[in-house]
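Asker: A predicted structure for the sequence below; I have some questions about it.
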Amino acid sequence: MKKCNGCKKRIFSWQQQCSAGLEEDITMHDYHKKCFKRNHYKEWKFFFPEKIIRVFNGDKIPKTGYYAIVEHDKKCDKIMYTERLILMVKGDEAPKPMICQHDVQWECMKEYE
């Protein structure tokens, strides 16, 4: 009996699946897309690019989650710490970085549960 690595639910042979080529050749089952998104967000973005949440500074945050800077003016010489995640709450305004005044784009890296 196979179980989903994310939610530990039983995976039945009749459920649709597609090989995502992930850790130790795990298969992604359509029934377990929520687990796939939570545990393999980078790969999930590849399969579902239309569902990626991106906002520019000054925009309203559509979903509470952890956001990171993904786009910044290439001509700017300021160092942007793109690895740092910031918790942003739904309805708040996306912040502008303090070290420069350029427009930046934020991407939700993980939704807050």
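Answerer: Nice, thanks for sending it over. Since we're looking at a predicted model, the values are computed, not measured.
Asker: all strands of this structure, in order?
Answerer: Residue ranges of the strands in the chain, as given by DSSP state E, are 2-3, 10-11, 17-19, 27-29, 54-56, 65-71, 86-88, 105-111.
Asker: Got the domain ranges for the chain?
Answerer: 2-49, 53-113 (automatic domain parsing).
Asker: Can I get those domains in CSV including mean pLDDT and mean neighbour count?
Answerer: Backbone N, C-alpha and C define where each C-beta goes, glycine included. Shown next, in CSV, are those (pLDDT from 0 to 100; neighbours: other Cβ atoms under 10 Å):
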stretch, mean pLDDT, mean neighbour count
domain 2-49, 70, 14
domain 53-113, 82, 14
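Asker: May I see the strands of the chain organised as JSON lines, with distance to residue 35 added?
Answerer: What follows is the strands of the chain, written out as JSON lines (distance: least, Cβ to Cβ, whole Å):
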{"stretch": "strand 2-3", "distance to residue 35": "11"}
{"stretch": "strand 10-11", "distance to residue 35": "10"}
{"stretch": "strand 17-19", "distance to residue 35": "13"}
{"stretch": "strand 27-29", "distance to residue 35": "9"}
{"stretch": "strand 54-56", "distance to residue 35": "23"}
{"stretch": "strand 65-71", "distance to residue 35": "17"}
{"stretch": "strand 86-88", "distance to residue 35": "22"}
{"stretch": "strand 105-111", "distance to residue 35": "13"}
